[in-house]
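Enquirer: Fold the following.
(one chain, ligands or ions: 2)
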Amino acid sequence: MVKLLAPSILSADFWRLGEQVQACIEGGADILHFDVMDGHFVPNITFGPVLLESIRKHSQIPLDVHLMIENAEKYIPEFVKAGANMISVHVENNYHLHRVVELIKSLGCKAGVAINPGTSLKVLEEILHYVDYVLVMSVNPGFGGQRFIDRSLQRIRELKVMIEEINPQVLIEVDGGIKEGNITQVVQAGADILVVGSGIFAAQDVKAQAKKLKDLIVS
Ligand code: DX5
Ligand code: ZN
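Expert: Ligands and ions are numbered 1, 2, ... in the order given. Below is the predicted model:
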């Protein structure tokens, strides 16, 4: 199966954002990952649709929005309007998960559900019938640059088994603490989409680093 590299712009140098996004794309990035935080669901505040809108104007690759916010339903149409192609919401704070997933799909986007490290995979059983992807958090959401939680590898393997049984089309996206040193293990565990923030943007040469990671996941 195709493996996709999704740089998370959260760790970019925002002064040079356009240049760094371009470098990622030239290095082989398949998707751009946007971490939207509201200071309520997670203890950090980032950005909203206005940022996607500017990047959309200058790039063609899919824009993947990871919503770490309360009342996601209310903001989804704006993100679609701004150019989102994929949107994920957390299982932990969306009571009407099926309704939110159906809303995302009805607006023409791929729909995903994100799950925190402390949440049992069992909650995914029903929603797997409806989603396009599951975003497995391999750190607690809120900040870039955290350490990969090792048990995530086992969770990815277990989720893969559930997906094979319930809905084999569903992709696994993994997010948090992925670097040059562990990306191969994450792929081998069953990840299809690899989100990498500081593992790309902390490098001097962003394009070369993206290329290095892309080569590791496709080989
Ligand atoms: C954390 C975010 C991640 C994060 C990844 O809440 O969802 O996407 O930016 O950054 P790194 O790769 O630095 O852990
Ligand atoms: Zn994310």
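Enquirer: need the residues of this protein near ligand 2, please.
Expert: Within the chain, the positions lying close to ligand 2 (Cβ under 5 Å from the ion) are 35, 66, 175. For glycine as for every other residue, the C-beta is placed from the backbone atoms N, C-alpha and C.
Enquirer: quick one, helices of this structure?
Expert: Taking DSSP state H to define them, one finds helices in the chain at 17-26, 49-58, 72-81, 97-106, 152-166, 183-189, 198-201, 206-218.
Enquirer: okay, these in TSV with mean pLDDT and distance to ligand 1 next?
Expert: Below are the helices of the chain laid out as TSV (pLDDT from 0 to 100; distance: least, Cβ to the nearest ligand atom, whole Å):
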stretch	mean pLDDT	distance to ligand 1
helix 17-26	98	13
helix 49-58	98	14
helix 72-81	98	14
helix 97-106	98	18
helix 152-166	98	12
helix 183-189	98	10
helix 198-201	98	3
helix 206-218	98	11
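Enquirer: okay, the ones you listed in JSON lines with mean neighbour count next?
Expert: Supplementary listing: the helices of the chain in JSON lines, determined by neighbours: other Cβ atoms under 10 Å:
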{"stretch": "helix 17-26", "mean neighbour count": "18"}
{"stretch": "helix 49-58", "mean neighbour count": "15"}
{"stretch": "helix 72-81", "mean neighbour count": "17"}
{"stretch": "helix 97-106", "mean neighbour count": "17"}
{"stretch": "helix 152-166", "mean neighbour count": "16"}
{"stretch": "helix 183-189", "mean neighbour count": "18"}
{"stretch": "helix 198-201", "mean neighbour count": "24"}
{"stretch": "helix 206-218", "mean neighbour count": "19"}
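Enquirer: Ok, which of those helices comes nearest residue 10?
Expert: Of all the helices of the chain, helix 198-201 sits nearest to residue 10, with 8.5 Å by Cβ to Cβ.
Enquirer: For the closest one, what is the distance to the chain centroid?
Expert: 14 Å (Cα atoms, centre = their mean, to the nearest Å).
Enquirer: Mind exporting the C-alpha coordinates of that helix to PDB?
Expert: Output in PDB follows, covering the C-alpha atoms of helix 198-201 (Å, rounded to 0.1, in the frame of the first residue of the first chain):
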ATOM      1  CA  SER A 198       9.700  18.800  14.400                       C
ATOM      2  CA  GLY A 199      11.300  15.700  12.700                       C
ATOM      3  CA  ILE A 200      11.200  17.800   9.500                       C
ATOM      4  CA  PHE A 201      11.200  21.500  10.500                       C
END
